[in-house]
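>>> Quick one, what's the 3D model for this:
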Amino acid sequence: MTSKQPPLPKRPARTAQPRFTWHHFTMRFSSTPRGARLARRLAGERLDAWGIPYGSEAHDALLLTVAELSSNAVRHGHVHGRDFRLRLVAEGTAIRIEVTDTRGECLPTPAGPASPDQEGGRGLLMVAALADRWGWYPCVDEPGKTVWAVLEVSRCPERQDSSQ
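Residues are numbered from 1 along each chain as shown. Have a look, this model is predicted:
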């Protein structure tokens with residue numbers, strides 16, 4: 001039995017107007033599922049503090065990207081005893097997400113069309129659909145690689161009251 005795949009989320013709208021002053025957040029997390037969850041949670045709090053409110057399309061797209069890149073670092077970039085690093089940078093109208101792990105030989109490539117029976121392999125396709133740009137580069141000063149994605153963020157309207 002085959003199942004129909006849900007459509008990918010819409011890309012947040014763009015604006016030419018600068019939104020952010022320069023913001024920066026960097027933290028290391030244990031290379032475990034718990035570390036990936038914590039990275040996602042702290043990224044969500046940081047984005048909200050930077051003016052991208054919880055529940056907005058931009059917040060959801062950014063968190064989905066953080067979750068996918070962090071999950072990939074744990075699943076494919078794990079080296080026992082080594083952490084992964086999450087870095088968020090906001091400048092102008094863009095948010096740059098970088099996740100660095102310690103396995104440089106396991107390179108990120110978006111999978112082609114997946115069969116309905118396949119459990120994984122769609123994450124980087126989702127990142128590519130959400131991000132305006134994404135890629136990776138090898139670490140220079142230590143073993144590993146950094147996978148990055150840049151999302152242009154429009155001005156997010158305040159969350160509307162559902163009672164209206």
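
>>> Run a quick check on residue 48 versus residue 58, I expect a contact.
No - shown here, residue 48 and residue 58 do not form a contact pair, counting by CB atoms under 8 Å, at 11.0 Å. (Each C-beta comes from the backbone N, C-alpha and C, glycine too.)

>>> Please say which of these two ends up with more neighbours.
Counting neighbours by other CB atoms under 10 Å for residue 48 and for residue 58 shows that residue 58 has the greater number, 22 against 14.

>>> Where does the more buried one sit, in terms of helix or strand?
With secondary structure defined by DSSP states H and E, residue 58 is part of helix 57-76.

>>> repeat for residue 95
The secondary structure element spanning residue 95 is strand 94-101 (assigned by DSSP H and E).

>>> Which per-residue confidence value corresponds to residue 15?
Each residue has a pLDDT score; the one for residue 15 is 50.

>>> for the record, mean pLDDT for stretch 94-111?
The predicted model gives stretch 94-111 an average pLDDT of 83.

>>> can I get the CA coordinates of that stretch in CSV?
In CSV, the C-alpha atoms belonging to stretch 94-111 read as follows (Å, rounded to 0.1, in the frame of the first residue of the first chain):
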residue,chain,number,x,y,z
ALA,A,94,18.5,36.7,6.8
ILE,A,95,19.0,34.0,9.4
ARG,A,96,22.0,31.7,8.9
ILE,A,97,21.9,28.3,10.6
GLU,A,98,25.1,26.3,10.9
VAL,A,99,25.5,22.8,12.4
THR,A,100,29.0,21.4,12.8
ASP,A,101,29.7,17.8,13.5
THR,A,102,32.9,15.8,13.7
ARG,A,103,32.6,13.4,10.8
GLY,A,104,34.0,14.9,7.7
GLU,A,105,33.8,11.7,5.6
CYS,A,106,30.0,11.4,5.9
LEU,A,107,29.0,14.1,3.4
PRO,A,108,25.5,15.6,3.1
THR,A,109,23.6,14.9,-0.2
PRO,A,110,19.9,15.3,-0.7
ALA,A,111,18.4,12.0,-1.7
